[in-house]
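please find the sequence and the predicted model below.
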Amino acid sequence: MSGREVLLVGLSHKSAPIAVRERVALSGDALKEALGGLRGLDGVEEAMVVSTCNRVEVYVVGQSLDSARRFFLDRSGEASEHLYQKQGPEAVRHLFRVAASLDSMVVGEQQILGQVKEAYGLASAAGTAGPVLSRLCNRAFGAAKRVRSETEIGRGASSVSQVAVELVQKIFGDLRGRVILLVGAGKMGALSAKALRDLGADRVLVTNRSAERGQALAEQVGGQAEPWERLVSLLALADVVLVSTGAPSYVLTRDLAGQVMKLRRGRSICFIDVAVPRNVDPACADLANVYAYDIDDLQKVVHQTRQMRAEEAIRAEVIVEAEVGAFAREREARAALPVLASLRRRAEAIARTEVERTLAHVGGRLDEKARRSVEAMALAIVNKLLHGPTARLKQAASSGDTTLPGAAAELFDIDSEQPSRREEPGGEAVTLREPKG
Amino acid sequence: MSIQILRIAALCYAGAAASYLVFFARPRHLRAASAGQVVLSVAFLVHAVAIGVGCSEYGGREFFSLRGGLAFIAFLVAGAYLVLQRFYRVPAVGAFVTPLIVVVLLPALFGTPGHPEVVPETVRRPTLTLHIVSALGGVAVFGIAALVALMYLLQEREVKGKHFGALFSRLPSLDSLDQLTQRLVRAGLLVFSVALVTGALVARGVWKSAWEWDPQQVSSLVVWLLYFALVSLRHTGWHGRRYAWITLAGFLLVIGSMVSLGSIPGATRHGGTYQ
């Protein structure tokens, strides 16, 4: 078992600029091909590639980092100065932190776990994920799940448009049947409108001073363009109004809002002003059932979320550390298991043969009870003899000593079979469910 | 005997309140909410037993006193919430309802059950039972409506004031709270109307006149008119904050008049003294 380690070479948003990341990033067929190429290399037993827009990481089980490094250098010569490499527990910890979204650009974001799962799925399909990577990934997913359920790292809105969506949900709850009005052709407004549409808002109306741009934007967000002159009646219709025009002053004044509220018979309305300078008079919020937010309000929430997540990340690190330790212990205990099992099997086989031979000679003169006593005695001798070595081997395994199992194997002439059932993913799953140590 | 059972029920209600509050403090523990519901159901059943035993002990006379009425309101609030929970999944409301039940039940737990010595034979009729149940039931539903309105006001303050604190993530959306308030007010008005009609019938039987300008009658009519106005105004654009405030004020008026008329001797001929 010695010599085979989990190794990692990679680069991420922390170490490399996007210009380098995009050159080495891979997806789909190119990724499958790369996995195939990695497997063919010397000293690589298992391999997995995690490739997202923020990171490209190659995980390898084998003896040297060279092949993984070559993976990057073949794609971009500039990569070398941005690469980080880790091995053994360091590499394990890194994968656990990545999966738990502790290494993400936006800490606590949800997508990364899915992306790591996808990477593992691809490696499985390509046959490059063997027993070690399988156990590693499963443990990493478990750790990520624990982090998500035991800390609040995934809570809160972490981007401006997410905050807008959350606010709208707090006011209106279900968005089905609601109408979104986009006033002006700013980019932020379009982004939020799309997010709201995805949540089930029925109609998106778009109005802009220049009709052509309004039409173009309406097509982009899947909405319906309306003439600027109808602004008041559109406001009477819409539930959420996203404002992002380039106007230097208030487009929605308090008077206009008051007029609109009369037309609406007091139904709630939410103004989200993402324009700078502001387009919605903050005094609108004084009116009953009018909710008005500007970009500062939204950004303040984003800031709070980041702060809260940073605090939660400390608790998450503790969980990750515990899982890394558990993985290491499990792996070490597993290393000693084959030797122990073979030793015991061999000894019991010898005892059984000797019992049979003895009974063949004298068995006729013994009654059933005496026969059983002979069998029991033989097994007891085996157990007593093996008790010390078993305990010591287990202890050596849990303290990370791999020389003693090797010595035992040599002394008793046992082939310590390595779990190399790579061809069958189903068989691997069974191994995973075995009880620990 | 019935008072001991009632105390057990109160303990269960307190347990349910604790579970719901744990859920409210840590919304990730959904199990606390489920536990709260189970314990609340148990409390409701125990309370039903207490009422049954009480009826066989005192022949239903305790419901003519303020404390009996309060205990029965607590029972009906629990029942109404359990029914509500079947249609709307709003465990957060439980964190408001269950403590209210405990508070309302508190005065009924101590001392000996006081009740009018004699219930005149003239009042003993099915209309009276229906009157008591519907009156207290209406108050119970108004009570839950007031709590939901309170939740609306708390939530609205956070959403509008751009202060997204602890309540923000725990309470349902403003729109759903507003709608729930409206539906509860409508249901409460319906039940309360039954109480008004049956009350008039009983009064005609006992006082020989359906309307006597008794303070209890007047205050009940005011309450009914207030909620009726609330239901009608909805169609002309009364939403949100104002609606919630009036719902809350209406319930305070109900409880205020009930407690004051019940505790000032001789203020009303309703309930107890039928001369």
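Here it is on my side, so go on.

quickly find the element holding the residue positioned nearest the centre of chain A.
Chain A has residue A:113 as the residue nearest its centroid, 1.6 Å off, counting by CA atoms, centre = their mean. Assigned by DSSP states H and E, residue A:113 belongs to helix A:111-125.

buried set for that helix?
Of all the residues in helix A:111-125, those buried under the rule 16 or more other CB atoms under 10 Å in any protein chain shown are A:112-113, A:115-116, A:119-120, A:122-124. (C-beta placed from N, C-alpha, C; glycine too.)

centroid residue for chain B?
Nearest to the mean C-alpha position of chain B, counting by CA atoms, centre = their mean, stands residue B:140 at 1.9 Å.

next structured bit after the strand or helix carrying that one?
With the criterion set as DSSP H and E, the secondary-structure element containing residue B:140 is helix B:126-160. Sequence-wise, the next helix or strand beyond helix B:126-160 is helix B:166-170, with elements assigned using DSSP H and E.

what about that next one and chain A, touching?
Yes. If you take CB under 8 Å from any CB of the partner chain as the test, helix B:166-170 does meet chain A, through B:168-169.

pretty sure residue B:259 is touching residue B:73, no?
No. Under the criterion of CB atoms under 8 Å, residue B:259 makes no contact with residue B:73, lying 11.2 Å away.

low-scoring stretches of the chain, by residue?
The chain I'm using is chain A. By pLDDT under 70, the low-scoring segments of chain A are A:1-3, A:397-402, A:415-437.

oops, I was thinking of chain B
Going by pLDDT under 70, which is the cut-off in play, chain B has low-confidence ranges at B:1, B:59-61, B:64, B:111-124, B:166, B:265-275.

and with 80 instead?
Within chain B, the segments meeting pLDDT under 80 span B:1-2, B:27-29, B:55-69, B:88-90, B:110-125, B:163-170, B:205-214, B:235-238, B:261-275.

burial count for residue A:236?
Burial of residue A:236 is recorded as 17 neighbouring residues (other CB atoms under 10 Å in any protein chain shown).

please read the previous query as pertaining to residue B:199.
Here the number of neighbours of residue B:199 (other CB under 10 Å) works out to 24.

repeat for residue A:407
Neighbourhood size, residue A:407 [other CB under 10 Å]: 13.

buried set for the helix holding residue B:140?
Using 16+ other CB under 10 Å as the burial criterion, the residues of helix B:126-160 that qualify are B:127-128, B:130-156, B:158-160.

just stretch A:78-98 next, same as before
Buried residues in stretch A:78-98, counted by 16+ other CB under 10 Å: A:79, A:82-83, A:86, A:91-98.

in helices, which of the residues you listed appear?
Per DSSP state H, helices hold the following members of the buried residues of stretch A:78-98: A:91-98.

apart from its neighbours in sequence, what residue is nearest the residue of the stretch 251-400 of chain A found nearest chain B?
Nearest to chain B, among the residues of the stretch 251-400 of chain A, is residue A:265, at 3.1 Å (CB to the nearest CB). Spatial nearest neighbour of residue A:265, chain neighbours left out: residue B:237 (3.1 Å); criterion: CB to CB, 6 or more residues apart in numbering or on different chains.

list the residues that contact that neighbour.
If you count contacts by CB atoms under 8 Å, 6 or more residues apart in numbering or on different chains, residue B:237 has them with A:264-267.

and for residue A:263, the neighbour number?
Should you count by other CB under 10 Å, residue A:263 turns out to have 12 residues around it.

wait, doesn't residue A:326 sit right on residue A:139?
Yes. Here residue A:326 lies in contact with residue A:139, judged by CB under 8 Å, at a distance of 7.4 Å.

so which of those two has more stuff around it?
Looking at residue A:326 and residue A:139 with other CB under 10 Å, you find the greater number of neighbours at residue A:139, namely 21 against 14.

let's verify the more buried one: helix, strand, or coil?
Of the three states, residue A:139 takes helix under DSSP: H, G, I helix; E, B strand; the rest coil.

what's around residue B:241, how many residues?
20.

could you measure from it over to chain A?
The spacing between residue B:241 and chain A, counted by CB to the nearest CB, to the nearest Å, is 6 Å.

equivalent analysis for residue B:92, please.
13 Å.

do the same with residue B:158
With distances defined as CB to the nearest CB, the gap from residue B:158 to chain A amounts to 9 Å.

for that residue, which non-adjacent residue is spatially closest?
Leaving aside its chain neighbours, residue B:158 sits nearest to residue B:168 (4.8 Å; criterion: CB to CB, 6+ apart).

does the one you found touch residue A:169 like I think?
No. Under the contact definition of CB under 8 Å, residue B:168 does not touch residue A:169, with a separation of 11.1 Å.

and residue A:343, how close does it get to residue B:32?
Between residue A:343 and residue B:32 the distance, using CB to CB, to the nearest Å, works out to 51 Å.

and if you look at residue B:14?
Going from residue B:14 to residue B:32 by CB to CB gives 15 Å.

tell me which of the two has more neighbours.
Neighbours per residue (other CB under 10 Å) separate residue B:14 from residue B:32, with residue B:32 holding more: 22 against 17.

what sits closest to the more buried one if chain neighbours are left out?
Leaving aside its chain neighbours, residue B:32 sits nearest to residue B:23 (3.9 Å; criterion: CB to CB, 6+ apart).

residue B:131 now?
In this structure, residue B:131 finds its nearest non-sequential neighbour in residue B:198, 3.8 Å apart by CB to CB, 6+ apart.

for the one you found, pull up the helix or strand it's in.
Using DSSP H and E, the secondary-structure element containing residue B:198 is helix B:174-206.

again, but for residue A:33
For residue A:33, the secondary-structure element it belongs to, assigned by DSSP H and E, is helix A:28-40.

would you put the C-alpha positions of that helix in PDB?
Taking Å, rounded to 0.1, in the frame of the first residue of the first chain, the C-alpha atoms of helix A:28-40 are listed here in PDB:
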ATOM      1  CA  GLY A  28     -17.200  17.500 -22.100                       C
ATOM      2  CA  ASP A  29     -15.300  15.300 -24.600                       C
ATOM      3  CA  ALA A  30     -12.000  17.100 -24.200                       C
ATOM      4  CA  LEU A  31     -12.200  16.300 -20.500                       C
ATOM      5  CA  LYS A  32     -12.900  12.600 -21.100                       C
ATOM      6  CA  GLU A  33     -10.000  12.500 -23.500                       C
ATOM      7  CA  ALA A  34      -7.700  14.200 -21.000                       C
ATOM      8  CA  LEU A  35      -8.700  11.600 -18.400                       C
ATOM      9  CA  GLY A  36      -7.900   8.800 -20.800                       C
ATOM     10  CA  GLY A  37      -4.500  10.400 -21.500                       C
ATOM     11  CA  LEU A  38      -3.800  10.700 -17.700                       C
ATOM     12  CA  ARG A  39      -4.500   7.000 -17.100                       C
ATOM     13  CA  GLY A  40      -2.100   5.900 -19.800                       C
END
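
just want the angle from it to helix A:111-125.
For helix A:28-40 against helix A:111-125, the angle between stretch directions is 60 degrees (axes from the mean of the first three to the mean of the last three CA atoms, to 10 degrees).

I appreciate the help and will end here.
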